[in-house]
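A.B. asks: Based on what follows, work out the 3D shape:
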Amino acid sequence: PLKIDIERAILLAMENNRSLIVQRMNPDISRTIEQEELAVFDPVLSGQLAQRRAVGERLSRGGSGTESSVVDTINGVVSLDKLFPTGTVVGLDATSDYTDSSLYEDTFVTNRLGISVTQALLQGRDIRANLARVDQARIDTQISEYELRGFTEVVVEAVESGFWDYALAKKQIEIYTNSLNLAQQQMEETQERIKIGSLAETELAAAKAEVALRRENLINARSTMNTKRLILLRLLNPSEVINWDTDIVLQYQTSLPDTPLDPVEAHVQVALRMRPDLNQARLQVRRNELEVVRTRDGLLPVLDVFAEFGKTGFAETFSDAVDNFDGPGYDVRGGLAFAFPAGNRAARALRTRSVATKQQSIKALENLVQLAQVDVRIAYGEANRTHEQITATAATRASQEEKLRVETEKFRVGKSTSLLVAAAQRDLVASQIAEIQSIANYLKALVLLYRLEGSLLQRRGIAAPGSEPIKLEEPASQTK
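C.D. replies: Okay, the predicted model is just below:
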């Protein structure tokens with residue numbers, strides 16, 4: 001059998017729950033997108049080597065007739081380019097051209113080293129816009145961490161609720177077993193009294209019906225317990241291959257938490273700071289703000305200033321051309337590049353959509369805040385109700401015990417009937433079930449309250465990503 005207390009049950013689920021293992025992979029997957037977006041700013045090394053032969057005819061150098069020619073050329077290029085977040089592109093390149101023509105006795109080699117700088121003056125100049133996709137990828141990773149935290153809280157709540165549901169199911173079997181034994185005892189006593197003539201035979205029917213009813217209740221309770229056991233086993237996943245016939249032995253204290261709840265407003269404030277879904281929504285607002293910045297940059301025309309400088313060496317061989325870099329050969333180029341699509345409809349549509357999406361995310365956050373307040377207040381009221389029910393159901397159970405005792409004594413002296421005794425027994429069983437049900441409901445209501453306010457993991461001492469509350473840098477009503 002699997003012996004567990006509530007802490008060990010949570011620990012097993014944290015380590016082995018299959019759904020949680022799947023969810024735990026999402027932040028790592030999201031981080032790869034960060035690296036993918038950062039790769040835009042990585043230096044790019046490129047090269048090309050090409051060979052060409054041209055066979056043709058041309059006007060002879062003597063001025064009359066034609067002459068054939070064969071020209072072999074080899075061209076090699078190596079370049080290194082890097083984009084910076086400032087909108088600056090810096091390039092370094094080295095080229096070498098080798099020419100061997102049948103028209104000339106000597107070969108000809110040209111080597112060139114060059115540097116180029118291009119700076120965006122309008123579109124592409126804003127650093128925040130250029131880094132928007134990188135920052136959005138980082139926010140997506142944060143969102144996945146808060147999603148993981150929220151899912152972990154759901155798993156912990158499911159484990160604790162499953163633990164108490166299974167404990168309740170086992171306790172119900174104990175109650176129904178005792179009630180069946182009591183009903184059988186009552187039936188046997190009725191049969192004995194019928195034999196001696198102190199009771200009419202009609203009293204036996206009620207006693208037999210009560211035994212059958214108790215047996216039916218016990219069968220149903222065993223089925224319920226098996227269902228709860230299987231659900232708890234799946235949540236805990238105690239081994240790689242689960243033995244679904246494993247019995248679970250629960251170890252727990254019957255005493256209730258004696259710490260009173262804080263005022264409801266305190267729980268609401270905790271929820272507004274700690275609930276993972278609210279923090280996800282705030283991050284989504286941030287992400288959409290970055291999209292507004294990025295699309296605003298797209299409204300600008302492309303206007304780049306560029307400058308290039310190259311130093312060239314000429315010679316008959318490659319090595320001599322390298323040595324001649326200190327010669328007079330060089331080239332300089334500079335200017336402006338401009339582009340702007342007529343109407344710029346795509347950029348304007350993207351801008352409009354980004355602003356609308358940001359406003360939508362702000363309204364969604366406001367809606368979630370309202371829902372969180374309602375959730376916590378309802379859960380708080382339910383926790384108080386179930387706590388009060390514990391005392392009430394205990395009093396009811398005590399009264400039903402006394403009622404059954406009195407009815408049994410009256411039956412033994414001939415002042416009651418089997419039907420009335422059976423009814424009193426049923427009332428007692430119902431009150432016993434209600435009493436243990438109220439205890440389980442209270443414990444589950446506390447767990448639900450802690451999950452809805454976002455403090456469940458912290459209260460259980462579980463470290464998970466997404467523990468820091470997210471604050472918006474500007475009022476939610478403002479739009480850039």
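
A.B. asks: State the helix or strand in which E388 lies.
C.D. replies: Per DSSP states H and E, E388 falls inside helix 345-412.

A.B. asks: Can you list the helices and strands that that helix packs against?
C.D. replies: Where contact means 3 or more Cβ pairs under 8 Å, 6 or more residues apart in numbering; DSSP states H and E, helix 345-412 is packed against helix 264-274, helix 276-298, helix 418-452. C-betas here are computed from N, CA, C, even on glycine.

A.B. asks: Nearest approach to P1 belongs to which of these?
C.D. replies: Distance to P1, taken as Cβ to Cβ, is lowest for helix 418-452 among these, at 21.5 Å.

A.B. asks: now the strands for this protein?
C.D. replies: 2-4, 44-59, 66-83, 88-101, 108-120, 248-250, 302-315, 330-339 (DSSP state E).

A.B. asks: Surely L204 touches I194?
C.D. replies: Yes - contact status for L204 versus I194: in contact at 6.1 Å, counting by Cβ atoms under 8 Å.

A.B. asks: Find residues that contact each of those two.
C.D. replies: With contacts taken as Cβ atoms under 8 Å, 6 or more residues apart in numbering, L204 and I194 have no neighbour in common.

A.B. asks: Which one of the helices and strands packed on helix 345-412 lies nearest to Q359?
C.D. replies: For the helices and strands packed on helix 345-412, the distance to Q359 is smallest for helix 276-298, at 8.6 Å, taking Cβ to Cβ.

A.B. asks: Alpha carbons of stretch 233-252, in PDB - could you do that?
C.D. replies: Taking Å, rounded to 0.1, in the frame of the first residue of the first chain, the C-alpha atoms of stretch 233-252 are listed here in PDB:
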ATOM      1  CA  LEU A 233      -3.400   7.800  -7.900                       C
ATOM      2  CA  ARG A 234      -3.400   9.600 -11.300                       C
ATOM      3  CA  LEU A 235      -2.600  12.900  -9.600                       C
ATOM      4  CA  LEU A 236       0.200  11.500  -7.500                       C
ATOM      5  CA  ASN A 237       1.600   9.200 -10.200                       C
ATOM      6  CA  PRO A 238       3.800   7.500  -7.600                       C
ATOM      7  CA  SER A 239       5.700   5.300 -10.100                       C
ATOM      8  CA  GLU A 240       6.600   5.300 -13.800                       C
ATOM      9  CA  VAL A 241       4.000   2.600 -14.400                       C
ATOM     10  CA  ILE A 242       1.100   3.000 -12.000                       C
ATOM     11  CA  ASN A 243      -0.300  -0.100 -10.400                       C
ATOM     12  CA  TRP A 244      -3.900   0.900 -10.500                       C
ATOM     13  CA  ASP A 245      -4.700  -1.700  -7.800                       C
ATOM     14  CA  THR A 246      -2.500   0.100  -5.200                       C
ATOM     15  CA  ASP A 247      -4.300   0.700  -1.900                       C
ATOM     16  CA  ILE A 248      -3.700   4.200  -0.400                       C
ATOM     17  CA  VAL A 249      -3.400   4.600   3.300                       C
ATOM     18  CA  LEU A 250      -4.000   8.100   4.400                       C
ATOM     19  CA  GLN A 251      -2.300   9.600   7.500                       C
ATOM     20  CA  TYR A 252      -3.800  12.900   8.700                       C
END
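
A.B. asks: Run through who's touching it.
C.D. replies: Outside stretch 233-252, the residues touching it (Cβ under 8 Å, 6+ apart) are 1-6, 9, 12-13, 16-18, 155, 158-159, 162-163, 166-167, 170, 229-230, 232.

A.B. asks: Give me the subset of these that lies in helices.
C.D. replies: Using DSSP state H, the subset of those located in helices is 6, 9, 12-13, 16, 18, 155, 158-159, 162-163, 166-167, 170, 229-230, 232.

A.B. asks: sorry, back to before: quick one: the helix holding E388 to chain centroid distance?
C.D. replies: 23 Å (Cα atoms, centre = their mean, to the nearest Å).

A.B. asks: Which residue ranges make up each domain of the chain?
C.D. replies: Domains of the chain are assigned by automatic domain parsing as 2-37+130-294+347-459, 45-83+88-123+302-339.

A.B. asks: now, of the ones you listed, which is deepest in the fold?
C.D. replies: domain 2-37+130-294+347-459 (a mean of 17; mean count of other Cβ atoms under 10 Å).

A.B. asks: Check the offset of it from the chain's centre.
C.D. replies: Centre to centre, stretch against its chain (Cα atoms, centre = their mean), the figure for domain 2-37+130-294+347-459 is 22 Å.

A.B. asks: average pLDDT across that domain?
C.D. replies: The average pLDDT within domain 2-37+130-294+347-459 is 92.

A.B. asks: Run through the residues that contact the residue most central in space within the chain.
C.D. replies: Taking Cα atoms, centre = their mean, the centroid of the chain lies closest to E147, which sits 2.6 Å from it. Contact partners of E147, counting by Cβ under 8 Å, 6+ apart, are Q23, N26, P276, Q280.

A.B. asks: I'd like the distance between the third one and V264.
C.D. replies: Using Cβ to Cβ, to the nearest Å, one gets 21 Å for the distance from P276 to V264.

A.B. asks: Please produce a markdown table containing the domains of the chain, extended by distance to P465.
C.D. replies: Below are those laid out as a markdown table (distance: least, Cβ to Cβ, whole Å):
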| stretch | distance to P465 |
| --- | --- |
| domain 2-37+130-294+347-459 | 4 |
| domain 45-83+88-123+302-339 | 32 |
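
A.B. asks: So for E473, which of those sits nearest?
C.D. replies: E473 lies closest, by Cβ to Cβ, to one member of the domains of the chain: domain 2-37+130-294+347-459, at 7.9 Å.

A.B. asks: Quick check: end-to-end length of that closest one?
C.D. replies: 25 Å (Cα to Cα, to the nearest Å).

A.B. asks: How about the contacts made by the closest residue to S79 other than its chain neighbours?
C.D. replies: Closest residue in space to S79, ignoring its immediate chain neighbours: D93 at 3.9 Å, by Cβ to Cβ, 6 or more residues apart in numbering. D93 makes contact with V77, V78, S79, L80, R112, L113, G114, I115, S116, according to Cβ under 8 Å, 6+ apart.

A.B. asks: what do you get for A9?
C.D. replies: Here A9 is in contact with V159, E160, F163, L232, L236 (Cβ under 8 Å, 6+ apart).

A.B. asks: so who does the nearest residue to the second one once chain neighbours are set aside touch?
C.D. replies: Here the nearest residue to E160 in space, its sequence neighbours aside, is V447; by Cβ to Cβ, 6+ apart that works out to 4.7 Å. When contacts are counted by Cβ under 8 Å, 6+ apart, V447 touches V156, E157, E160, S161, L456.
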